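heads up, no residue letters with this:
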């Protein structure tokens, strides 16, 4: 089974892009499923099912979504194989710019949109930096000059990734992305594999439910700002 | 890159034995790499020494580790050496070898578009214009639903070229021209020029504004914020910018409205920059300004009409007709009534022409 991680900031167009890609995969005779890693409950599963896509949603709740993702990702791959998928797409929102769900030797896709502003490529960290394919959405809404400046910004942090412009409404560009997915390598298990970059770390009193603001109640892995 | 060096030797060569400044001189694209994490590149220090001067935490703030930064730098140099020179500028001809329409019938066998030519695309909404564009951007090789094949300079592109060139092949000038960024015109164009790494971005921006002002009905100033430009002004600016700054060899123009812009000059600017111009239009004058028209129907190219001499002869008359209509439009804008003298003049003009 092919396995692909798709990550990107909220509302960048991940779900629309994935749905368009699945249409092309179906044309190739490939059965694709989705596992969506989310933080709080969303309507994405309904959206996928409305398009006849077998989708499973996992909610991180109060945990760091990336830690939740990596803990469950191999089980998702096993589930995908039991469902006889040819392709399993993992969708996860980069809820903080430090998110980095990409795995070594697994095709890594980052979705970002042209409307997010030209400073965005620099602000998004490992999710963009370590992607193999960068999908640009909402390009039809901005000027050609801005699209080119945006791409130059991406090239500053990731010179080697393939860049594909996809229109989530018309599907333009999704053929090329589907081709990249269909030609990616297969996996049976992720056990023993590694993340491309360490996840954001946290191990402090607030991780286990502390809500009080008071240094006396702050313990563990802390980082304090310095103010003059 | 020195071909004799093995991977380990190369890493040592790049990271330890060379000063970072010399490295940036040798591989100019590395400048961005340091700049992206705001690392000043001092002369006389190797990359290894430079990294040693900063705590690991500095790199963590950019979502990196020291080791990761160094490894990526070496990979970067290796991959860039493999990539070879940029082929975008060398593209002067694009050929579409016909596939099948939505009913499975063969379409026109071959369509060829060249730098410095204008090809119009006509056909009803939903006929397959976007599909054609998508085939071009994907550099289709018989593997898209239309089964078309696209050649660059008469040769089939490699798989690497398909992925590398695809997103940069076509510059699109769409009708809804929004700017998300809010900068003065000159700064905005200079930012675009700087992203292309041209030697004098400000100078190029001045040239773009001058060019735009030969197209726009109402001149635009260097210090006007882009978000305050009129429709005609932003159209003129983006046409000049695409011609002079964009690297894409193909420009897709989505209709040029007959308002606030000199359409013939606009096409001349793009053609003069040796662009392959594709224009989606149903305007008779624009259609005749083109070298040919592609007729799209039912998802396929039904015909390619080269513009004939007889059609070109009619262009003069059509232009006059257009001028008459513009005079009436101007009258409406002034608040005049469409009767009496104003209409009589137009009618007299028409009768002479007919």
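Thanks, I have the structure now. Note that the structure is predicted; figures quoted are calculated from it, not measured.

Kindly tell me how buried residue 91 is, as a neighbour count.
No chain specified, so I'll use chain A. For residue A:91, the neighbour count with other Cβ atoms under 10 Å in any protein chain shown is 25. No exception for glycine: its C-beta is placed from N, CA and C like everyone else's.

you looked at the wrong chain, it should be chain B
17.

residues contacting residue 17?
Unless you meant another one, I'm taking chain A. Taking Cβ atoms under 8 Å, 6 or more residues apart in numbering or on different chains as the criterion, residue A:17 is in contact with A:6, A:111, A:135, A:137, A:166, A:168, A:174, A:177.

not quite, I wanted chain B
Going by Cβ under 8 Å, 6+ apart, residue B:17 touches residue B:46.

if we can go back for a sec, can you add neighbour count, secondary structure and distance to chain B and give the contacts of residue A:17 back as JSON lines?
Formatted as JSON lines, these follow (neighbours: other Cβ atoms under 10 Å in any protein chain shown; DSSP: H, G, I helix; E, B strand; the rest coil; distance: Cβ to the nearest Cβ, whole Å):
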{"residue": "A:6", "neighbour count": "27", "secondary structure": "strand", "distance to chain B": "18"}
{"residue": "A:111", "neighbour count": "30", "secondary structure": "strand", "distance to chain B": "14"}
{"residue": "A:135", "neighbour count": "30", "secondary structure": "strand", "distance to chain B": "10"}
{"residue": "A:137", "neighbour count": "25", "secondary structure": "strand", "distance to chain B": "13"}
{"residue": "A:166", "neighbour count": "26", "secondary structure": "coil", "distance to chain B": "10"}
{"residue": "A:168", "neighbour count": "23", "secondary structure": "coil", "distance to chain B": "14"}
{"residue": "A:174", "neighbour count": "26", "secondary structure": "helix", "distance to chain B": "9"}
{"residue": "A:177", "neighbour count": "27", "secondary structure": "helix", "distance to chain B": "10"}
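
Which one of these is nearest to residue A:77?
Closest approach between those and residue A:77, by Cβ to Cβ: residue A:6, at 14.5 Å.

in the stretch 151-300 of chain B, what residue is nearest chain A?
Residue of the stretch 151-300 of chain B nearest chain A, by Cβ to the nearest Cβ: residue B:195 (3.3 Å).

Can you tell me how far that residue is from residue B:246?
Distance of residue B:195 to residue B:246, given as Cβ to Cβ, to the nearest Å: 10 Å.

Common neighbours of these two, please.
Residues within reach of residue B:195 and of residue B:246 at once, by Cβ under 8 Å, 6+ apart, are residue A:148.

related to what we said a few turns ago, okay, the contacts of residue A:17 in CSV with pLDDT next?
Shown next, in CSV, are those (pLDDT from 0 to 100):
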residue, pLDDT
A:6, 96
A:111, 96
A:135, 96
A:137, 95
A:166, 92
A:168, 87
A:174, 91
A:177, 94
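
hang on, the earlier thing: what backbone torsions are found at the residue of the stretch 151-300 of chain B closest to chain A?
phi -70, psi -20 (degrees, to the nearest 10).

Isn't it up against residue A:147?
No - contact between residue B:195 and residue A:147 fails when scored by Cβ atoms under 8 Å: they sit 10.5 Å apart.

how about the strands of chain B, start to end?
Ranges of strands in chain B, per DSSP state E, are B:93-97, B:110-114, B:118-122, B:149-152, B:170-173, B:250-254, B:276-280, B:292-297, B:300-306.

Kindly spell out which helices and strands sit in contact with the second one.
Based on contacts counted as 3 or more Cβ pairs under 8 Å, 6 or more residues apart in numbering or on different chains; DSSP states H and E, the elements that strand B:110-114 packs against are strand B:93-97, strand B:276-280.

From the contact counts, what lies against the last one?
Counting contacts by 3+ Cβ pairs under 8 Å, 6+ apart, strand B:276-280 packs against strand B:110-114, strand B:118-122, strand B:250-254, helix B:263-272.

If you tally nearby residues, what's the number for the closest residue to chain A within chain B?
When scored by Cβ to the nearest Cβ, chain B has residue B:63 as its residue closest to chain A, at 2.7 Å. Per other Cβ under 10 Å, the neighbour tally for residue B:63 reads 24.

what's the nearest residue to it if we skip its chain neighbours?
Closest residue to residue B:63 apart from its sequence neighbours, by Cβ to Cβ, 6 or more residues apart in numbering or on different chains: residue A:125 at 2.7 Å.
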